[in-house]
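S.K.: got a structure for you, letters missing:
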């Protein structure tokens with residue numbers, strides 16, 4: 001079942017069209033590529049964009065960082081032709097918890113991701129997930 005997303009947010013069909021687009025950071029610089037979407041497990045509305053970015057502190061030879069798969073908050077993204085912009089900085093994305101885009105997210109993993117991005121308890125995705133049962137699936141690949 002898929003509900004209508006809150007006013008101003010794109011629906012699952014629109015967000016699915018963003019897959020393959022480049023991902024730009026808050027400064028407008030290329031940061032990675034959108035590779036998927038996570039939808040709320042109960043409501044079916046999109047909540048996270050999956051992206052591959054250069055990751056953390058481990059580096060390949062020649063100074064390039066290893067790619068890693070992360071999620072960024074959909075509420076902080078905007079699309080334009082061929083690109084998606086996020087309000088997150090490059091370092092925040094590079095240090096974000098890694099996700100396996102083929103597996104669902106559990107409540108605890110989502111809460112960790114929310115805290116990483118500064119999404120606190122009283123609002124947003126953190127508030128939506130915090131009241132659910134421990135160990136429950138809260139988001140799944142769409």
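M.R.: Looks like it came in fine. Remember, it's a predicted structure, so these values are computed and weren't measured experimentally.
S.K.: all helices of the chain, in order?
M.R.: With helices called from DSSP state H, the chain shows them at 12-16, 90-94, 107-116, 124-130.
S.K.: give me the neighbour count for the nearest residue to residue 36 once chain neighbours are set aside.
M.R.: Closest residue in space to residue 36, ignoring its immediate chain neighbours: residue 50 at 3.6 Å, by Cβ to Cβ, 6 or more residues apart in numbering. No exception for glycine: its C-beta is placed from N, CA and C like everyone else's. Around residue 50 there are 20 other residues, counting by other Cβ atoms under 10 Å.
S.K.: over to residue 34?
M.R.: The burial count for residue 34: 23, using other Cβ under 10 Å.
S.K.: mind listing what it touches?
M.R.: Listed by Cβ atoms under 8 Å, 6 or more residues apart in numbering, the contact partners of residue 34 are 18-23, 49-51, 84.
S.K.: before we move on, the earlier item: for the residue nearest to residue 36, which residues make a bridge with it?
M.R.: Residue 50 has these beta-bridge partners by DSSP bridges: residue 36, residue 71.
S.K.: quick check: it touching residue 74?
M.R.: No - contact criterion Cβ atoms under 8 Å: residue 50 and residue 74 do not qualify, at 10.3 Å.
S.K.: what is in contact with these two at once?
M.R.: residue 37.
S.K.: one step back: any chance of the contacts of residue 34 in TSV with pLDDT and distance to residue 102 as columns?
M.R.: What follows is the contacts of residue 34, written out as TSV (pLDDT from 0 to 100; distance: Cβ to Cβ, whole Å):
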residue	pLDDT	distance to residue 102
18	97	19
19	97	14
20	97	17
21	97	20
22	97	22
23	98	19
49	98	16
50	98	10
51	98	15
84	98	21
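S.K.: how far is stretch 101-113 from where the chain is centred?
M.R.: Centroid displacement of stretch 101-113 relative to its chain, using Cα atoms, centre = their mean, to the nearest Å, is 10 Å.
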